[in-house]
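Asker: Let me see the structure of the following:
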Amino acid sequence: MKILILPGDDIGPEIMAPTKKALVALNKRFNLGFEFEEKSIGIDALKAEGTTLPDHVLKSAQAADGIILGPIGTFKYPPKEQGGINISAVLRMAMDLYANIRPAKTRPGVESMAKEMDLVVVRENTEGFYADRTMFAGTGEFMPTEDLAMSMRKITREGSRRIAVSAFELARTRRKKVTIVHKANVLKITDGLFLSVAQQVAADYPDVEVEDQIVDAMAALLIRKPETFDVIVATNMFGDILSDEAAELSGGLGLGGSINAGVDRAIAQAAHGSAPDIAGQGVANPSALMISAAMLMGWLAQKNGSNALAQASELFIKSVDSALANPANLTPDLKGLGSTDSFGKAVLNELDA
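Answerer: Next up is the predicted model:
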């Protein structure tokens, strides 16, 4: 089973190193048969090959069973015409990774704004307001005049259906509740279609409780009573914003794990950015990328019917949680004095326990 490692920019290589060590340890312990391949992307690839995403890397990604993508610093990439490709967007679209799964929960030992929370945001990943995902050619943003900028949004029946199915299927493995988030009171046609389709899907899951919330109310309710939510399904931009809010409530984006999943492929990718302000200091929190890698293993376990992968995924997440429960291991973003390296070693010790 081929696992492609793409370290990324800024803190990417720093947090990828302990994540890969943990994967190597799990591969050995559970005899998973992982074959690791590592390739350069982002600024390093731009300097060496003139593009942030060389064609050979894309081909390797499409041939891999799973991909672990480090944070990317798109803010400092040049225009696309000069090689500045948005790696995350291209990979998602090239492999039709329509479901962005982002869990957020409170953990023992981690200070959080939420007293209790254990939810998952299921975000549609290929449509919505994101300009690079709305048109067959070109983008959904344009300027008819120098004083007028416009943006187009795309919502399809099939895109809405399949993300709703992902949410309800996930809910069946959890507490059996789905919250559909929308703005159909204003975006009557686009969000109206999303809401209507999600409600139609809900009819096929009579065992799952369903509710819907307008997005601005949902943002407030996440703060007021986050413990009442289980699985939240939303369009692309709303899901992006709400999942970041949920991560902050749970303790910070340093805990924000996620996978981008389609039918045949999935990418592990932390929800946070590349944090150039702390790059090279050895203090970045690898938790989110580790959790993402564990989620990828869980996805592969389900896809392949592998008990060994499922057990490895569960142990990985438990080991991260155990490391987080010890204040001595916490990195500065969690108000601790630990380092990237020391946290990685703590997780490895838990894996060996």
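Asker: hey, let's count contacts and neighbours off CA atoms from now on
Answerer: OK.
Asker: wait, doesn't residue 102 sit right on residue 260?
Answerer: No: counting by Cα atoms under 8 Å, residue 102 stays clear of residue 260, with 9.0 Å between them.
Asker: which residues of the stretch 51-200 of the chain score low on pLDDT?
Answerer: Filtered on pLDDT under 70, the stretch 51-200 of the chain yields the residue ranges 131, 133.
Asker: where along it do the strands fall?
Answerer: 66-69, 99-105, 118-124, 141-145, 148-151, 177-182 (DSSP state E, counting those that start in this stretch).
Asker: among those, which is nearest residue 221?
Answerer: Closest to residue 221 of these is strand 177-182 (Cα to Cα; 11.6 Å).
Asker: Would you list the strands that that closest one pairs with, along with their directions?
Answerer: Within its sheet, and counting by DSSP bridges, strand 177-182 is paired with strand 209-214 (parallel), strand 231-234 (parallel).
Asker: which of the ones you listed sits most buried?
Answerer: Neighbour counts (mean count of other Cα atoms under 10 Å) averaged over each of the strands paired with strand 177-182 peak at strand 231-234, with a mean of 28.
Asker: The strands of the stretch 51-200 of the chain: which one's closest to residue 157?
Answerer: Residue 157 lies closest to strand 118-124 among the strands of the stretch 51-200 of the chain, at 12.1 Å (Cα to Cα).
Asker: Tabulate the CA atom coordinates of the closest one in CSV.
Answerer: C-alpha atoms of strand 118-124 as CSV (Å, rounded to 0.1, in the frame of the first residue of the first chain):
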residue,chain,number,x,y,z
ASP,A,118,-17.4,16.0,20.3
LEU,A,119,-18.6,16.8,16.8
VAL,A,120,-17.6,16.4,13.1
VAL,A,121,-18.1,19.0,10.4
VAL,A,122,-18.7,17.4,7.0
ARG,A,123,-17.8,20.0,4.5
GLU,A,124,-18.6,19.9,0.7
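Asker: tell me which strands and helices it is in contact with?
Answerer: Secondary-structure packing of strand 118-124 (3 or more Cα pairs under 8 Å, 6 or more residues apart in numbering; DSSP states H and E): strand 99-105, helix 157-172, strand 231-234, helix 236-250.
Asker: Deepest in the core, which of those is it.
Answerer: Compared across the helices and strands packed on strand 118-124, strand 231-234 shows the largest average neighbour count, a mean of 28 (mean count of other Cα under 10 Å).
Asker: Now that strand: average pLDDT?
Answerer: The average pLDDT within strand 231-234 is 98.
Asker: same thing with stretch 254-267?
Answerer: Averaged across stretch 254-267, pLDDT comes to 95.
Asker: The closest residue to residue 96 other than its chain neighbours: what's it in contact with?
Answerer: Using Cα to Cα, 6 or more residues apart in numbering and skipping the chain neighbours, the partner closest in space to residue 96 is residue 262 (5.8 Å). If you count contacts by Cα atoms under 8 Å, 6 or more residues apart in numbering, residue 262 has them with 95, 96, 97, 98, 99.
Asker: How about residues contacting stretch 112-119?
Answerer: For stretch 112-119, contacts defined as Cα under 8 Å, 6+ apart pick out 103-106, 223, 226-232, 248-252.
Asker: Buried residues, it. List them.
Answerer: Buried residues in stretch 112-119, counted by 16 or more other Cα atoms under 10 Å: 112, 114, 117, 118, 119.
Asker: need the contact list for the closest residue to the third one other than its chain neighbours.
Answerer: Take residue 117 and drop its neighbours on the chain: the residue closest to it by Cα to Cα, 6+ apart is residue 227, 4.5 Å away. The neighbours of residue 227, taking Cα under 8 Å, 6+ apart as the test, are 116, 117, 118, 119.
Asker: same question, residue 332
Answerer: Each residue near residue 332 by Cα under 8 Å, 6+ apart is listed here: 283, 284, 338, 339.
Asker: Next: residue 124.
Answerer: Under the criterion of Cα under 8 Å, 6+ apart, the neighbours of residue 124 are 98, 99, 100, 159, 160, 163, 233, 234, 235, 236, 239.
Asker: got it, and residue 340?
Answerer: Contacts of residue 340 (Cα under 8 Å, 6+ apart): 14, 15, 18, 282, 283, 284, 285, 286, 331.
Asker: Ok, residue 50 next?
Answerer: 82, 83.
Asker: So what does it look like in phi/psi?
Answerer: phi 80, psi 10 (degrees, to the nearest 10).
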